[in-house]
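1. sequence and computational prediction follow.
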Amino acid sequence: MITQLTKQEIAEKLTSKNIRPSLQRIAVYDFLLKNPVHPTVDTIYESLSQTIPTLSKTTVYNTLKQFAEADLVTTITIEDGELRFDADTSDHMHFKCSSCGNVFDIFETRRQKYISDD
């Protein structure tokens, strides 16, 4: 499970992975931590560009790629062409509700309810 971090703690975490903690990188990681909805690049860009007008979609994409390479986030492909990101890198599964479209985490304790030996 993920915990909330201060911007200083995020900067230290990025630095520990040899990633320079720029304003944009800290904002992207902070967004992922505060919004565990498995957002797409577009979702992150649309939310953050309101407060960081110099942010580009390319910057968001490149930042997420760098985070994935450093094991700070996992990438999730739920449907064709729908790449999402998760800051919770612990072992868990994902489920997309066909009614509301939201993606949910399923952790080991809940997983047993959905997996049977049949």
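-> Now that the structure is in, tell me what you want to look at.
2. ok, now which ones touch Thr40?
-> Going by CB atoms under 8 Å, 6 or more residues apart in numbering, Thr40 touches 82-85. C-beta coordinates here come from the backbone N, C-alpha and C atoms, glycine included.
3. please apply the same query to Asp30.
-> Applying CB under 8 Å, 6+ apart to Asp30 gives the contacts 5, 7, 10.
4. let's see that with 6 Å instead.
-> Residues near Asp30 by CB atoms under 6 Å, 6 or more residues apart in numbering: Ile10.
5. can you tell me how far it is from Glu108?
-> To Glu108, Asp30 is 27 Å away according to CB to CB, to the nearest Å.
6. neighbours around Ile44, how many?
-> Neighbour count for Ile44, taken as other CB atoms under 10 Å: 22.
7. what's the nearest residue to it if we skip its chain neighbours?
-> Closest residue to Ile44 apart from its sequence neighbours, by CB to CB, 6 or more residues apart in numbering: Val60 at 5.2 Å.
8. how about stretch 43-51: buried residues?
-> Residues of stretch 43-51 classed as buried by neighbour count (16 or more other CB atoms under 10 Å): 43-45, 47-48.
9. secondary structure added to the residues you listed, as JSON lines?
-> Shown next, in JSON lines, are those (DSSP: H, G, I helix; E, B strand; the rest coil):
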{"residue": "Thr43", "secondary structure": "helix"}
{"residue": "Ile44", "secondary structure": "helix"}
{"residue": "Tyr45", "secondary structure": "helix"}
{"residue": "Ser47", "secondary structure": "helix"}
{"residue": "Leu48", "secondary structure": "helix"}
